[in-house]
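Engineer: Pasting the sequence and the predicted coordinates here, then a few questions.
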Amino acid sequence: MNLPKTVVIGIDGVPFDFLIQQCDKKIMPNLADIIANHPHKKMKSVYPAISAVAWTSYMTGRNPAVHNIFGFIDRNPNPLELIINTGAMRKCETIFESLSKKGYRVISINVPMTYPPFPVNGIMVGCFMTPEISKVSYPEEFYRYLESRGYVIDPDARLFDESPDKFMHDIHRSLDARLAIGFDILEDRQWDFYQLHIMESDRLFHFFWDSATGNGQYSDACRLVFRKIDDFIGRVCSFIPKDARLLILSDHGFCKTRREVQLNTLLEKAGLLSFVSGKIKSLATMHPSTVCYSLIPGRIFLNLSGREQYGTVLQRDYDTVRHQIKDVLQNLKDPETADMAIDKIFFREEIYSGPFLHRAADIILHPKNGYDLKSHFDKDHVFMMSNISGMHTYDDAFICGINLPIEKVDEIKDVRAILES
């Protein structure tokens with residue numbers, strides 16, 4: 001069976017209900033026309049609901065214990081050190097590689113965890129983790145075209161602290177370049193499978209959630225982001241063949257951040273985490289008496305003997321200690337409202353299965369909407385606020401398909417199967 005021409009547009013982090021509202025408000029008339037005539041639904045993300053894990057699950061059709069990506073940040077247990085995950089850590093073949101092997105021409109632009117870019121039968125433009133433009137593409141020389149067109153790898157979130165105006169301008173600058181270059185590549189290059197990923201929506205929601213969902217100072221600028229995305233969708237629909245397949249999806253939802261929850265501070269206050277006296281608190285200065293520690297978002301690792309460099313929790317006590325930690329975490333309440341902060345607590349084998357299960361956190365937390373789980377080592381308070389106004393959610397990702405059986409999709413890892421069918 002020949003694969004019909006297929007276009008995938010990823011709009012990172014956009015909640016189902018938000019997109020429906022934009023359609024109802026006529027901000028996104030092209031998308032409104034699509035959803036009026038084609039299937040669309042809410043879709044579940046993955047635990048934890050972050051782009052590194054979600055888009056890798058999409059690309060591979062597998063859960064994290066098979067593809068080996070559990071977060072953007074991870075650790076080597078011995079010697080104990082933090083590492084930043086990239087696509088090089090992935091252990092499964094992606095849809096882009098699978099289709100390439102079958103002879104299909106593939107174009108992928110900006111899909112998270114495609115840095116470093118890898119060989120495909122076509123063009124691969126890596127994601128926001130790319131450190132510089134010269135390293136963004138396969139074939140390598142394709143970066144020269146992108147550079148000549150003013151391609152932007154990612155908006156610079158550091159600008160927000162300097163000036164929200166400057167950061168909003170950078171979001172639009174990045175989006176304008178990505179959409180213009182993305183369409184020109186769609187129009188000018190040969191392809192059977194084309195995917196463009198829009199990361200600017202995630203940046204917008206993290207820093208401008210109130211304006212994006214209400215009538216704040218930057219509401220007009222936020223609405224313009226989605227008008228531009230909708231214009232791109234309209235151009236794509238006008239260009240592709242009538243029998244082509246079109247998929248529009250997000251990888252997770254978003255909601256307003258009520259409070260940030262510093263899990264390592266909580267663990268320290270509970271006597272489960274301690275540090276060498278006189279040292280700056282960090283992963284490197286944990287005291288061997290530590291029972292457990294946390295990495296974002298909401299992943300708890302036991303200081304397990306035989307696994308961790310300074311491990312002291314005995315293997316025979318593993319399950320008992322996990323239940324003790326769970327008892328501490330499941331009763332966590334916001335001191336201002338008495339609202340529960342944690343929605344679900346999983347032992348890793350309850351949600352993952354595969355050859356890399358041993359690399360997963362021992363306990364994975366999923367928060368109540370509004371409670372953003374953080375893992376700094378040097379914070380004095382468990383509940384805090386920062387300039388991040390929006391956070392990810394699990395069960396309200398968006399998916400819409402033309403000529404695709406999206407009714408078979410329950411969560412993001414299911415998508416690959418319908419694309420290859």
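Structural biologist: Thanks, I have the structure now. The structure presented is a predicted model; accordingly, all values stated were derived computationally and were not measured. Numbering: from 1, shown residues only.

Engineer: For Asp176, see how far away Arg149 is.
Structural biologist: Using C-beta to C-beta, to the nearest Å, Arg149 is found at 11 Å from Asp176. Using the backbone N, CA and C atoms, a C-beta is placed for each residue, glycine as well.

Engineer: typed the wrong thing, it's Ser282
Structural biologist: Here Ser282 is placed at a distance of 40 Å from Asp176 (C-beta to C-beta).

Engineer: And for Arg359?
Structural biologist: 39 Å.

Engineer: okay, the two: which has more neighbours?
Structural biologist: Remark: of Arg359 and Asp176, Arg359 carries more neighbours, 20 against 14, as counted by other C-beta atoms under 10 Å.

Engineer: wait, doesn't that one sit right on Phe70?
Structural biologist: Yes. Assessed by C-beta atoms under 8 Å, Arg359 is found in contact with Phe70 at 6.7 Å.

Engineer: and the residue nearest in space to the middle of the chain, backbone torsions?
Structural biologist: In the chain, the C-alpha nearest the mean C-alpha coordinate belongs to Ser51, at 1.0 Å (C-alpha atoms, centre = their mean). Dihedral angles of Ser51 (phi, psi; degrees, to the nearest 10) stand at phi -60, psi -40.

Engineer: count of neighbours near the nearest residue to it once chain neighbours are set aside?
Structural biologist: Once flanking residues are discounted, Ser51 sits nearest to Pro112: 4.4 Å by C-beta to C-beta, 6 or more residues apart in numbering. Residues contacting Pro112 under the criterion other C-beta under 10 Å number 27.

Engineer: Shouldn't Pro112 be within a strand?
Structural biologist: No. Applying DSSP: H, G, I helix; E, B strand; the rest coil, one finds Pro112 to be coil, outside a strand.

Engineer: OK, contacts around it?
Structural biologist: Neighbouring residues of Pro112 by C-beta atoms under 8 Å, 6 or more residues apart in numbering: Asp12, Ser51, Ala52, Ala54, Trp55, Thr56, Cys127, Phe128, Met129, His197, Met199, Asp251.

Engineer: For the stretch 301-421 of the chain, which segments count as helices?
Structural biologist: Remark: helices assigned in the stretch 301-421 of the chain by DSSP state H, counting those that start in this stretch are 318-329, 348-351, 415-419.

Engineer: Quick one, which of those helices gets closest to Gly214.
Structural biologist: For Gly214, the closest of the helices of the stretch 301-421 of the chain is helix 415-419, at 31.1 Å, according to C-beta to C-beta.

Engineer: which residues sit against the closest one?
Structural biologist: For helix 415-419, using C-beta under 8 Å, 6+ apart, the contacting residues are 6, 8, 58-61, 95, 193, 245, 247, 249, 399, 401, 404-406, 408-409.

Engineer: Strands - which of the residues you listed land there?
Structural biologist: With strands taken from DSSP state E, the overlap with the contacts of helix 415-419 comprises Thr6, Val8, Phe193, Arg245, Leu247, Leu249, Ile399, Gly401.

Engineer: got these as a markdown table, with distance to Ile181, pLDDT and neighbour count columns?
Structural biologist: Below are the ones in strands among the contacts of helix 415-419 laid out as a markdown table (distance: C-beta to C-beta, whole Å; pLDDT from 0 to 100; neighbours: other C-beta atoms under 10 Å):
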| residue | distance to Ile181 | pLDDT | neighbour count |
| --- | --- | --- | --- |
| Thr6 | 20 | 98 | 23 |
| Val8 | 17 | 98 | 22 |
| Phe193 | 18 | 98 | 25 |
| Arg245 | 23 | 98 | 19 |
| Leu247 | 21 | 98 | 21 |
| Leu249 | 21 | 98 | 22 |
| Ile399 | 25 | 98 | 21 |
| Gly401 | 25 | 96 | 23 |
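
Engineer: Taking those residues, tell me the two that lie furthest apart.
Structural biologist: For these, the maximum inter-member distance is 17.2 Å, found between Phe193 and Ile399 (C-beta to C-beta).

Engineer: Ignoring the adjacent residues along the chain, who's closest to Glu336?
Structural biologist: Counting by C-beta to C-beta, 6+ apart, Glu336 lies nearest to Phe383, which is 7.4 Å off, once chain neighbours are set aside.

Engineer: Might you report the residue contacts of the one you found?
Structural biologist: Counting by C-beta under 8 Å, 6+ apart, Phe383 touches Arg259, Glu260, Val261, Gln262, Asp334, Pro335, Glu336, Ala341.

Engineer: quick one: low-confidence ranges for the stretch 301-421 of the chain?
Structural biologist: Along the stretch 301-421 of the chain, segments meeting pLDDT under 70 are nowhere present.

Engineer: hmm, try it at 90
Structural biologist: 386-387, 421 (pLDDT under 90).

Engineer: can you give me the strands in it?
Structural biologist: Assigned by DSSP state E, counting those that start in this stretch, the strands in the stretch 301-421 of the chain fall at 342-347, 363-367, 371-374, 383-384, 390-393, 397-402.

Engineer: just checking, what packs against the third one?
Structural biologist: Going back to what we said before, that points to strand 371-374. When contacts are defined as 3 or more C-beta pairs under 8 Å, 6 or more residues apart in numbering; DSSP states H and E, strand 371-374 packs onto strand 259-262.

Engineer: Format the CA atom coordinates belonging to the strand it packs on as CSV.
Structural biologist: The C-alpha trace of strand 259-262 is given here as CSV (Å, rounded to 0.1, in the frame of the first residue of the first chain):
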residue,chain,number,x,y,z
ARG,A,259,1.7,27.7,42.6
GLU,A,260,5.1,26.1,41.9
VAL,A,261,5.8,23.1,44.2
GLN,A,262,9.5,22.6,45.1
